Each structure stands twice: as structure tokens, then as C-alpha cells.
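>>> Need the 3D shape of this:
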Amino acid sequence: MRELISNIRLQVHQKTFVKDPETSELGKNLIRESILLIDEIGFENFTFKKLGERIKSNESSVYRYFENKHKLLLYLASWYWSYLEYRLVFATNNIEDPCVRLKIAIGIVTEKVLDDTDTAHINEAILSRIIIAEFSKVMHTKEVDQENKEGFFLIYKRLNARIVSIIKEINPNYPFAESLVSTVISGALHQHFLSEHLESLSSIDSGKSVSEFYTHLITNTIQN
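Next up, the predicted model:
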């Protein structure tokens, strides 16, 4: 996979950016440093001025790529879900048993993400921490309905749909597949957050993983 992903362009919604950051070294550096800076100071304290200072460039150069920091966060989230979708498709390709495919898929969307060194300008492990902490800010806005109409969440919804289709292979009569999958994906982010910051509210510890919890939940739910 590492050799393949270095040659594959992950899909990101074009309206998230003004100029595609993948097309220049400045753009890639902007993405790299924005991930590190958001992880260090949080999205609330993150500004394009601070990012410009970090990359030793004018604040205006950041605006050439992104309209505002919300669009930047949308871009990062879109890239992240596209990356997980690629991993899911690659890992489940040519596996006929839907139960095996479902277990693999659950693992991919719930486990901690490690850095892939072939994407040099994006540290997936750090980006994963940002998605865990900040993804709710992507959707919980007044503009969510309009952004949904414009397709900003298409990749996220497509990832959900891939897992829904596997569940329906296993149990076509299960009536809540969409709700179950969206609960698992968003819930996994929440469980990782709780295990890191409010551990008494989570059963996840060194002996149990988020993937184990959701594999158990889904398997038992769709069989009933």
C-alpha cells in the first residue's frame, strides 16, 4: 500500500480550496505546517497569521489557497476520510466473505491511525488527532445544510455507505444500517477523545481497543 498511495491522488472536494495545495511546494508546506500548528495550539487559537509566520510567508499567501480556516479544516477532514476510504477499499478488495470485510472495515474507521511516510507533507497520526478533537466543528455550523448541498461531505458519506453496503450483505433485513454506521464512525472519534482526556467515561484502556468495542457492538446488533 505504501508504494501505491505515493502514486495516487486522494480525492478532496474542490470547493474546499481556492488553489489546490497539492500543486506546489508552498501549498504542501502550508498543509504540513497547518496540521502541526492546529495540533499544537488547537483550532480555536489557530489563525492564518500564525500559520504565515510559521511558514515564513505572508498571511496573504495562505489566503491564495484557502478562503478561511473553516475551509482549511474541511479540506483536512475531506483528505482524512478519503485516505481511510482508500485504505478500506484496498484492504477489502478480493475478500468474498462480507463478515471478514466488515471486521476489516470497522478496524480501519475506528483504530488509531499511524503515519504513512509516503505522504511526506501529511502526518496521518497527527491529522487523526485533529479529526478526533475538531471534526464536530466541521459539521456543527450554521452553514452545514448549504455545504452538504454543495457536496462538501460527499467523501465522508461515501465511506459510511461502503460499510452500510457490507452490513446489508450480511443482514438485508436490518433496518438501521445507516444510523449504525454513522454512529460507529462518529462514536469512535468520541471514544478516542474520552480515552485520552476523560478516561473514566470510557471502557477503552491498554487492554481494550475502540475497534474491539465497535466490532462487538455491530456484530451483535445486526445478528439480532
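>>> nearest residue to Gly42 other than its sequence neighbours?
Counting by C-beta to C-beta, 6 or more residues apart in numbering, the nearest residue to Gly42 once its immediate chain neighbours are dropped is Ala133, at 7.5 Å. Placement of C-beta: from N, CA and C, glycine included.
>>> is it fair to say that neighbour lies in a strand?
No - counting by DSSP: H, G, I helix; E, B strand; the rest coil, Ala133 is not part of a strand but helix.
>>> What separation do you get for it and Ile126?
Counting by C-beta to C-beta, to the nearest Å, the separation of Ala133 from Ile126 is 11 Å.
>>> just to revisit the earlier point, ok, the residue nearest to Gly42 to Ala177 distance?
28 Å.
>>> Over to His13?
From His13 to Ala177 the distance is 25 Å (C-beta to C-beta).
>>> Tell me who's in contact with Phe66.
Contacts of Phe66 were listed using C-beta atoms under 8 Å, 6 or more residues apart in numbering, and they are Thr16, Phe17, Val18, Phe48, Leu72, Tyr75.
>>> The second one reaches Leu76, doesn't it?
Which is Phe17. No - using C-beta atoms under 8 Å, Phe17 makes no contact with Leu76, being 10.8 Å away.
>>> so what pLDDT did Ile204 get?
Reported pLDDT at Ile204 in the predicted model: 80.
>>> Tell me which residues touch it, please.
Gln191, His192, Leu194, Ser195, Val210, Phe213.
>>> With adjacent residues omitted, what lies nearest to it?
Ser195 (4.1 Å).
>>> and the helix or strand harbouring the one you found, average pLDDT?
Applying DSSP states H and E as the criterion places Ser195 in helix 177-197. If you average the pLDDT over helix 177-197, you get 94.
>>> now the helices for this protein?
2-5, 25-41, 48-54, 59-63, 69-92, 98-110, 124-139, 144-149, 154-170, 177-197, 210-223 (DSSP state H).
>>> ok so, going back, and for the residue nearest to Gly42, the neighbour number?
When neighbours are counted by other C-beta atoms under 10 Å, Ala133 registers 18.
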